[in-house]
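S.K.: Could you look at this predicted model? Sequence included:
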Amino acid sequence: MINMHFTKAAIDALPAPPKGRTYARDDLVHNLTLTVTPAGTRTFYLSRFIRGRSDRIKLGRYPALTIAKARARARELDGRIESGHDPKAMNEETTLGDLWEHFYTHHVSARRKPKTAVSYQHAWDRHLRQWATRPLSEITKADVVRLHAQIGRTAPYAANRAAAVLSSMYSHASRRMGFEGGNPATSIERFDETKRDRFLRADELERFFIALDELPSETMRDFFLTLLYTGARRRNVEAMRWDQVDLDRRLWRIPDTKGGGPQDVHLPAPLVEVLSARRASRNGQPWVFQSSERTGHITQPDKSWRRVLKLMAQYTIEDYLARGEAEAVERFKPALVDVADGERSPADVAADAGLREKSARRAVAMNLHIDPPVVPHIRMHDLRRTLGSWQAATGASLPIIGKALGHRDQATTAIYARLDIDPVRKSVDTAVAAIRAAAGVDRVEKDILARIG
């Protein structure tokens with residue numbers, strides 16, 4: 001044991017031993033010790049007799065834990081031990097990394113759904129792991145405020161999630177690990193989060209169906225149609241099994257949803273035809289959307305989705321107006337700029353060019369006069385929102401929409417519980433019919449449209 005006055009220069013000068021540990025004791029705070037490993041890692045401990053035997057309590061690693069803070073922590077723990085506290089139950093010396101391991105094992109993995117666990121892990125890896133070696137009570141509210149602001153400059157949503165995960169970790173430390181310090185992540189002013197309300201408009205639906213026809217994978221075409229026609233969450237559709245589907249009753253029973261518990265999902269007639277064709281060629285597979293992936297079913301549809309979006313952006317006005325109105329294209333295209341600038345209405349331009357107003361409005365909304373074409377900013381989850389939006393547009397009530405989409409809003413749970421499946425069936429069928437009408441499904445001579453029509 002080396003007795004020395006702890007200074008930065010003195011600690012930095014301690015050589016790493018070829019094996020074993022080098023031990024040093026501070027001459028100012030006698031119970032404060034430092035160990036040096038062969039790798040050069042330096043760690044502060046409180047070393048003293050506790051209940052008649054020698055014991056060490058880890059305080060934190062140097063230099064993340066400064067000498068001044070190590071001395072203050074050693075004095076604090078010394079005083080609490082003298083007052084009768086059990087040092088093993090006071091986890092101030094626990095680092096944030098230690099807390100994360102316990103938190104993830106006993107809370108996240110044990111009590112949260114896999115998708116939620118992934119989001120927790122992402123927040124830890126991207127933003128919180130940098131504090132892994134810091135003791136819990138060393139992290140202050142000022143630290144969290146600075147980190148939250150730093151992340152929020154470019155990613156406000158991620159900043160809010162990181163603060164929420166950190167707060168949950170400290171609550172876990174208090175409930176399950178005997179931590180008696182405060183929670184530095186409470187009452188952090190969150191960034192405003194704009195709720196996404198994107199859904200496919202009438203003009204986009206036709207391009208969406210045409211783009212689906214161009215996909216080389218029939219499995220992915222059917223997958224995206226199922227997302228749209230059921231409004232179900234992506235993960236549920238990915239893991240859809242044949243033993244959950246009753247095509248005769250047009251019903252899909254999801255055994256476990258994000259909201260907790262099972263959900264009955266109505267299958268509209270066009271989707272029943274799609275699924276019937278898939279079942280005829282299932283080859284004994286349990287998955288509706290089987291794949292060669294480890295899970296046996298698709299889990300990575302993102303590449304195909306990006307292709308759909310690119311295909312939606314490729315169609316020109318000439319392509320769109322080829323059915324009976326191509327002769328008016330050249331007269332119509334120059335006027336698009338006036339319409340986009342708000343100087344003329346689509347109705348006026350349509351009349352001058354000899355076009356139907358509906359065609360003019362769609363062409364304007366598509367922005368296809370821009371070169372190169374603009375890839376629409378549409379997410380897969382927006383297909384779920386599209387069904388709900390078209391339900392609302394066709395007169396469905398909010399409780400009916402919530403029932404159809406399996407929302408977990410506790411304020412409406414009691415209302416949902418009194419609803420049976422029949423009003424939901426009618427609402428979904430009506431919305432799907434409106435979607436298909438807006439997309440011109442029955443007019444577009446494409447293989448996939450003929451197959452589901």
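M.R.: Arrived safely, thanks for sending. Numbering: from 1, shown residues only.

S.K.: Now do Ala202 against Arg384, distance only.
M.R.: When Cβ to Cβ, to the nearest Å is the yardstick, Ala202 and Arg384 sit 18 Å from each other. (C-beta placed from N, C-alpha, C; glycine too.)

S.K.: These two: which is more packed in?
M.R.: For the pair Ala202 and Arg384, the greater number of neighbours falls to Arg384 (21 against 18), based on other Cβ atoms under 10 Å.

S.K.: List the contacts of the residue positioned nearest the centre of the chain.
M.R.: Nearest residue to the geometric centre of the chain (Cα atoms, centre = their mean): Ser119, 6.3 Å. Residues in contact with Ser119 (Cβ atoms under 8 Å, 6 or more residues apart in numbering) are Arg161.

S.K.: ok, now with 10 Å
M.R.: 108, 112-113, 158, 161, 164-165 (Cβ atoms under 10 Å, 6 or more residues apart in numbering).

S.K.: and what of Thr37?
M.R.: For Thr37, the set of contacting residues under the criterion of Cβ under 10 Å, 6+ apart consists of 16-17, 19-22, 43.

S.K.: now swap in Pro286 and tell me
M.R.: By Cβ under 10 Å, 6+ apart, the contact list for Pro286 reads 240-244, 296-297.

S.K.: out of the residues you listed, which are inside helices?
M.R.: Secondary structure of the contacts of Pro286 is defined by DSSP state H; no position falls in helices.

S.K.: Quick one: buried ones out of the residues you listed?
M.R.: The neighbour-count test (16 or more other Cβ atoms under 10 Å) marks 240-242, 244, 297 as buried among the contacts of Pro286.

S.K.: can you redo these as TSV with pLDDT and distance to Ser47?
M.R.: Putting the buried ones among the contacts of Pro286 into TSV (pLDDT from 0 to 100; distance: Cβ to Cβ, whole Å) gives the following:
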residue	pLDDT	distance to Ser47
Met240	93	59
Arg241	94	58
Trp242	94	64
Gln244	94	60
His297	91	55
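
S.K.: Give me the below-cutoff pLDDT ranges for the protein.
M.R.: Within the chain, the ranges that satisfy pLDDT under 70 run 51-53, 84-93, 115, 193-197, 259-260, 314-376, 407-423, 441-453.

S.K.: could you pull out the strands for it?
M.R.: Assigned by DSSP state E, the strands in the chain fall at 2-4, 22-26, 32-36, 42-50, 53-62, 245-246, 251-254, 263-266.

S.K.: how about those, which one is nearest Arg146?
M.R.: With Cβ to Cβ, the closest approach to Arg146 among the strands of the chain belongs to strand 53-62: 19.5 Å.

S.K.: what packs against the closest one?
M.R.: Packed against strand 53-62, as judged by 3 or more Cβ pairs under 10 Å, 6 or more residues apart in numbering; DSSP states H and E, are the following elements: helix 8-13, strand 32-36, strand 42-50, helix 67-82.

S.K.: Could you single out the most deeply buried of those?
M.R.: By mean neighbour count, with neighbours taken as mean count of other Cβ atoms under 10 Å, strand 32-36 ranks first of the helices and strands packed on strand 53-62 at a mean of 23.

S.K.: Would you mind getting the angle between that strand and helix 67-82?
M.R.: Going by axes from the mean of the first three to the mean of the last three Cα atoms, to 10 degrees, strand 32-36 is angled at 120 degrees with respect to helix 67-82.

S.K.: And the contacts of strand 32-36?
M.R.: Residues outside strand 32-36 that contact it (Cβ under 10 Å, 6+ apart) are 1-2, 4, 6, 10-11, 14-17, 20-26, 41-48, 56, 58-59, 62, 67, 70-75, 77-78.

S.K.: Quick one: distance of that strand to the chain centre.
M.R.: 43 Å (Cα atoms, centre = their mean, to the nearest Å).

S.K.: now the angle from it to strand 42-50?
M.R.: Strand 32-36 and strand 42-50 are oriented at 130 degrees to each other (the same axes, to 10 degrees).
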